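Engineer: Output the structure for:
(4 chains)
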There are 2 protein chains.
Amino acid sequence: MDTLETRELRYFVAVAEELHFGRAAERLGMAQPPLSRAIQQLERRLGVCLLQRNRRGVRLTGAGEVLLHEGRAALNAIAAAARRTRRAGGADSPGGPRGLLVLAVKAAASHELLRRLLAAYAAEPDSAEIEVLPCGIREQEELLRDGRADVALMHTPWNSLAGFDSEELTTEGQVAVLPAGHPLAARGTLSLADVRDVPDLPLARWPTRGTYAPGPGPEIHNQTQLAQLIALGRTVAVVPDSARSWLWAEHTAVPLTDAPPVVTHIAWPAHSRSLALAGLVRTAARL
Amino acid sequence: MDTLETRELRYFVAVAEELHFGRAAERLGMAQPPLSRAIQQLERRLGVCLLQRNRRGVRLTGAGEVLLHEGRAALNAIAAAARRTRRAGGADSPGGPRGLLVLAVKAAASHELLRRLLAAYAAEPDSAEIEVLPCGIREQEELLRDGRADVALMHTPWNSLAGFDSEELTTEGQVAVLPAGHPLAARGTLSLADVRDVPDLPLARWPTRGTYAPGPGPEIHNQTQLAQLIALGRTVAVVPDSARSWLWAEHTAVPLTDAPPVVTHIAWPAHSRSLALAGLVRTAARL
DNA sequence: CGCGGTGATACCTGGCAGGTATGACAGGAC
DNA sequence: GTCCTGTCATACCTGCCAGGTATCACCGCG
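Structural biologist: This next block holds a predicted model:
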């Protein structure tokens, strides 16, 4: 009587995202009428109006917004339960894998730290196997939430640690990456203002939540592209010190005096209680 | 094909907790055979063995343990979605409540801070209604997780903030609460060692996760009981400074020099994004 | 060797999820 | 006004599956 079925959550989230019963039904691989009925039934069971069916289209009510957020979180938790259970399966069978941890890392970030962590953990007794899953920085949080990953190396201020348990690992400064021949490349240190005010080298722009801030610099989609544009003398970028590991010969990194420090954390879903994870975190904290 | 139904999660959690199909079925209000079948089906769908059916009883496998943990979290998320949606319902109807926030507080803790917070928030424009839900300190986290509460006042080091977003509010010292006539009550300050070493006043013992640590002091179940035992000269307790608000005339509070400080936070589920909650947090941070 | 207690199997049935066909209604073109 | 179109809701049917009852297979124990 008061327990939501995952089917209903899936249906509602689809409708709330599409704001269109027909398209939502198509996305769900079903016909539109049963979907309409299911949503009505959900509204009756909750005793709440979720959607404002106006002539021409659908809008979310306040309660609908709440269910969209909370429902997404619940669906993530359900998917995580299924994935983590599957991953743990077979760990009992003697001779089988003793456990597998999926570690989400932003591609090419903290390369040296990661190398040392993997080596140190592999040397531990009873260590589990670690699968390294390179991904985008925004993706990490989603991967942890929906169970595709178990643990992640995160970097403030870019990642948000809200909702996760975490342990601080290292702090590093940031550097400006310039084309090797540029006059500024000869300086020993720079300030953010120096970098922002170079007229011939507009600061590269990264997407924040899918959109680019306005500005003169080029829009960057991946690191290779950035590296090339810097090498060509078209842009300059501010990156953490450890990013030196992927610089080209044609790049020069100059330390910045006033850039915010970058802190690397190891983070995991707050409720996790696996031995393998605890071992990895302990190893990381001792590095 | 790979999506867990909440029904299956409920069933599995019941069986995993009871470790007995018959009792689990009874708890679920159903017959035992369909429950057995549902669990088998779940195991087949996940491709994982969850339970070790021995002669005489059932045991969890590793994968079963994982599903028990993750499944509980998922069920909490689902219950939270339903409850918060219901609570948000009707907030659209003009004239209806503009919103209701449920605030979980440990009974009698941070009394003055709470009073000021409620007053300051009520004075804000567009403030929602606040329902204060007094509860035990361990309960708070569960209430936030399953949606019975939206926000809580938590106290480190007793509460864990893992999994929540939070804002630090105040830090306070701790005091020893003694019977008024006791020799130690005349002292201006005390150390933890002083309090622990009084032979005639054994330190009161609080339950930690339902069990009591061994020791000579009385086992405390609630604050009233503690207050009475102190007044009777049977025990001594270490409590935060703000607990002075519930002391009796026959009590004397003496500051402790070396007790760990108590930090009060306002905490909420990390993914929450409601305007009313944001307003309350902003008000609290400005106090 | 029964007996009690366990989970598994066999079989049946009612409800409900989902499909198809169609209605109701609003807007736009003219 | 009168179509036509795009939307969501309703009506009705059907097949599947969740759940019930009866029973089995197994084991430990007095």
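
Engineer: does any part of stretch A:58-70 sit near DNA strand C?
Structural biologist: No: residues of stretch A:58-70 contacting DNA strand C under Cβ under 7 Å from any atom of the strand: none, with a closest distance of 13.4 Å. C-betas here are computed from N, CA, C, even on glycine.

Engineer: contacting residues around that stretch?
Structural biologist: A:12-13, A:15-17, A:19-21, A:46, A:48-52, B:77, B:80-81, B:84-86, B:88-92, B:147, B:271-274 (Cβ atoms under 8 Å, 6 or more residues apart in numbering or on different chains).

Engineer: Kindly report the same for stretch A:233-245.
Structural biologist: Counting by Cβ under 8 Å, 6+ apart, A:108-113, A:155, A:172-179, A:181-182, A:192, A:195, A:198, A:200-204, A:217-218, A:220, A:226, A:229-230, A:253, A:255-256, A:259, A:262 sit against stretch A:233-245.

Engineer: Could you give me the PyMOL selection string for whichever of those residues are buried?
Structural biologist: To isolate the buried ones among those in PyMOL, judged by 16 or more other Cβ atoms under 10 Å in any protein chain shown, type:
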select buried, chain A and resi 108+109+110+113+155+172+173+174+175+176+177+178+179+182+192+195+198+201+203+204+217+218+220+226+229+230+253+256+259+262
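
Engineer: which is the next helix or strand following the longest helix that chain A contains?
Structural biologist: Ranked by residue count under DSSP state H, the longest helix found in chain A is helix A:62-88. Per DSSP states H and E, the first helix or strand lying C-terminal to helix A:62-88 is strand A:100-106.

Engineer: So which bits of the next helix or strand after that next one are buried?
Structural biologist: Using DSSP H and E, the next helix or strand after strand A:100-106 towards the C-terminus is helix A:111-123. By neighbour count on 16+ other Cβ under 10 Å, the buried set for helix A:111-123 is A:L113, A:L114, A:L117, A:L118, A:Y121.

Engineer: Now do the same for the fourth one: its pLDDT.
Structural biologist: Among the per-residue scores, A:L118 shows a pLDDT of 97.

Engineer: That one contacts A:I130, doesn't it?
Structural biologist: Yes: between A:L118 and A:I130 a contact is recorded at 6.1 Å, counting by Cβ atoms under 8 Å.

Engineer: in its sheet, what does the helix or strand of chain A with the lowest mean pLDDT sit against?
Structural biologist: Every helix and strand in chain A was compared by mean pLDDT, DSSP states H and E; the lowest is strand A:207-208, with a mean of 78. Strand A:207-208 pairs in its sheet with strand A:211-212 (antiparallel), by DSSP bridges.

Engineer: Pull the residues that contact the strand it pairs with.
Structural biologist: By Cβ under 8 Å, 6+ apart, strand A:211-212 touches A:R205, A:W206, A:E219.

Engineer: Which element is encountered next along the chain beyond it?
Structural biologist: helix A:223-231.

Engineer: How about the contacts made by A:L143?
Structural biologist: Contacts of A:L143 by Cβ under 8 Å, 6+ apart are A:V102, A:A104, A:L133, A:C135, A:A149, A:A152.

Engineer: Tell me the confidence at it?
Structural biologist: Looking at A:L143, the pLDDT reads 97.

Engineer: Look up phi and psi at it.
Structural biologist: A:L143 has phi and psi values of phi -60, psi -40 when expressed as degrees, to the nearest 10.

Engineer: so A:P199 is in which element?
Structural biologist: Judged by DSSP H and E, A:P199 forms part of no helix or strand.

Engineer: Any idea how many residues pack against it?
Structural biologist: 6 (other Cβ atoms under 10 Å in any protein chain shown).

Engineer: out of everything not next to it in sequence, what's closest to the residue in the stretch 101-250 of chain A that chain B sits nearest to?
Structural biologist: Nearest residue of the stretch 101-250 of chain A to chain B: A:G163, at 3.0 Å (Cβ to the nearest Cβ). Closest residue to A:G163 apart from its sequence neighbours, by Cβ to Cβ, 6 or more residues apart in numbering or on different chains: B:A270 at 3.0 Å.

Engineer: Roughly how far does the one you found sit from DNA strand C?
Structural biologist: 31 Å (Cβ to the nearest atom of the strand, to the nearest Å).

Engineer: How about A:T170?
Structural biologist: 49 Å.

Engineer: so that residue, which of the three states?
Structural biologist: When classified by DSSP: H, G, I helix; E, B strand; the rest coil, A:T170 comes out as strand.

Engineer: can you list the domains in chain A?
Structural biologist: Domains of chain A are assigned by automatic domain parsing as A:6-88, A:100-169+A:262-286, A:174-255.

Engineer: closest one to DNA strand D among those?
Structural biologist: Across those, DNA strand D has its closest neighbour in domain A:6-88 (3.0 Å, Cβ to the nearest atom of the strand).

Engineer: quick check, the closest one touching DNA strand D?
Structural biologist: Yes: using Cβ under 7 Å from any atom of the strand, domain A:6-88 comes into contact with DNA strand D via A:19-22, A:32-33, A:36-37, A:39-40, A:53, A:56-58.

Engineer: Just these: which are in helices?
Structural biologist: A:F21, A:G22, A:Q32, A:P33, A:S36, A:R37, A:I39, A:Q40.

Engineer: I'd like to know which of those residues is nearest to chain B.
Structural biologist: After measuring those against chain B - Cβ to the nearest Cβ - the closest member comes out as A:I39, at 12.9 Å.

Engineer: Rebuild the buried residues of helix A:111-123 as JSON lines, extending it with distance to DNA strand C.
Structural biologist: Formatted as JSON lines, those follow (distance: Cβ to the nearest atom of the strand, whole Å):
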{"residue": "A:L113", "distance to DNA strand C": "47"}
{"residue": "A:L114", "distance to DNA strand C": "43"}
{"residue": "A:L117", "distance to DNA strand C": "42"}
{"residue": "A:L118", "distance to DNA strand C": "40"}
{"residue": "A:Y121", "distance to DNA strand C": "37"}
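
Engineer: For these, give me TSV that also has distance to chain B.
Structural biologist: TSV is the format used below for the buried residues of helix A:111-123 (distance: Cβ to the nearest Cβ, whole Å):
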residue	distance to chain B
A:L113	23
A:L114	24
A:L117	21
A:L118	23
A:Y121	20
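
Engineer: which two from those end up farthest apart in space?
Structural biologist: The span of these, defined through Cβ to Cβ, is set by A:L113 and A:Y121 at 12.2 Å.

Engineer: any shared contact partners between the two?
Structural biologist: Joint contacts of A:L113 and A:Y121 (Cβ under 8 Å, 6+ apart) do not exist.

Engineer: Name the residues of the stretch 101-250 of chain A found near chain B, please.
Structural biologist: Proximity of the stretch 101-250 of chain A to chain B (Cβ under 8 Å from any Cβ of the partner chain) is limited to residues A:G147, A:A162, A:G163, A:F164, A:D165.

Engineer: pLDDT score assigned to the second one?
Structural biologist: At A:A162, the model reports a pLDDT of 92.

Engineer: go on, the first one?
Structural biologist: Confidence at A:G147, expressed as pLDDT, is 96.
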